[in-house]
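>>> just a sequence and a predicted model for now, questions to come.
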Amino acid sequence: MPLPPGRRGPLWLAALVAGALVAASPTVLGTPPADAAVDASDYGLGMAPEYSVNDGLDDAGVRRGITEAEAAARLGELAASRAAREPKTALPVQGRLTTCFCMRWGQMHYGLDLAAPLGTRIVSASDGVVLRAGRARGYGNAIYIQDPDGNVHVYGHMRFYSVEAGQVVRAGEEIAKVGNEGFSTGPHLHWEVHSGGEDGRPLDPEKWLNERGLAV
């Protein structure tokens, strides 16, 4: 039998309250929210014209760096396992050599340019510790990695990178993707090797590879 009009109001109010409680139950019961999706672009971008490692990283958007001394300490953790593990050296990208360690446009080009399609994986050429990674003048983005011999490898022009300061990386481990950032005429990796530290004498990366049984 239908309820009298005077008694319907309280029941409707009770139903509305119950519905609100059900809708809010995930929060009330402590159900955790879904994880936010992370896009590759969260890592950043990279590239440069004249390749001086002394250009440094821009203040804006730079991940916190570590000192070469701190990197050397962390590299001690690699020493025990390094002798028995392969590979110890890797070609940083599967690409085409477009510029050598040589004079170019009247100036010295202190690294190798290896052209490859956008998004091609870039790997660490050696075991090492990331000194810093982020935006850099000319490079767009740059990664600085100190190897067990104290040399510092500089990787530039990448579109995305996936490492951060203090991270230990292995030879052949992916660290970035090929890009066309900074001062660049096309998608490629610019790679330098500096002897004994970031401000050390630039080495010919092609010769460095050859001494370790690899060729570009």
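Structure's in. What do you need?
>>> can you tell me the element the nearest residue to residue 131 once chain neighbours are set aside falls in?
Nearest non-adjacent residue to residue 131, counting by CB to CB, 6 or more residues apart in numbering: residue 144, 4.2 Å away. Bear in mind the C-beta positions are built from the backbone N, C-alpha and C, glycine included. Assignment of secondary structure by DSSP states H and E places residue 144 within strand 140-146.
>>> okay, now the sheet partners of that strand, with direction.
Strand 140-146 sits in its sheet next to strand 128-136 (antiparallel), strand 152-156 (antiparallel), going by DSSP bridges.
>>> point out the most buried one among these.
Compared across the strands paired with strand 140-146, strand 152-156 shows the largest average neighbour count, a mean of 26 (mean count of other CB atoms under 10 Å).
>>> pull the CA atoms of that strand into PDB?
Output in PDB follows, covering the C-alpha atoms of strand 152-156 (Å, rounded to 0.1, in the frame of the first residue of the first chain):
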ATOM      1  CA  VAL A 152      84.300  10.600 -18.400                       C
ATOM      2  CA  HIS A 153      82.000   9.800 -21.300                       C
ATOM      3  CA  VAL A 154      79.700  12.500 -22.600                       C
ATOM      4  CA  TYR A 155      76.600  11.600 -24.600                       C
ATOM      5  CA  GLY A 156      74.700  14.400 -26.300                       C
END
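>>> returning to what we had before: can you list the strands paired with strand 140-146 in TSV and add distance to residue 194?
Listed next are the strands paired with strand 140-146 as TSV, based on distance: least, CB to CB, whole Å:
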stretch	distance to residue 194
strand 128-136	11
strand 152-156	5
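>>> out of those, which comes closest to residue 118?
Residue 118 lies closest, by CB to CB, to one member of the strands paired with strand 140-146: strand 152-156, at 15.0 Å.
>>> burial of the closest residue to residue 215 other than its chain neighbours, as a residue count?
Leaving aside its sequence neighbours, residue 215 sits nearest to residue 209 (CB to CB, 6+ apart; 6.5 Å). Residue 209 has 20 neighbouring residues, counting by other CB atoms under 10 Å.
>>> contact partners for residue 209?
By CB atoms under 8 Å, 6 or more residues apart in numbering, the contact set of residue 209 is 89, 91, 125, 215-216.
>>> three-state assignment of it?
helix (DSSP: H, G, I helix; E, B strand; the rest coil).
>>> was I right about residue 170 contacting residue 127?
Yes - using CB atoms under 8 Å, residue 170 is in contact with residue 127, at 5.5 Å.
>>> the two: which is more packed in?
Per other CB under 10 Å, whichever of residue 170 and residue 127 has more neighbours is residue 127, with 26 against 17.
>>> could I get the pLDDT score of that one?
pLDDT recorded at residue 127 is 95.
>>> likewise for the one 5 residues further on?
At residue 132 the predicted local confidence, pLDDT, stands at 95.
>>> I'd assumed residue 167 was in contact with it.
No - counting by CB under 8 Å, residue 132 does not reach residue 167; the two are 10.6 Å apart.
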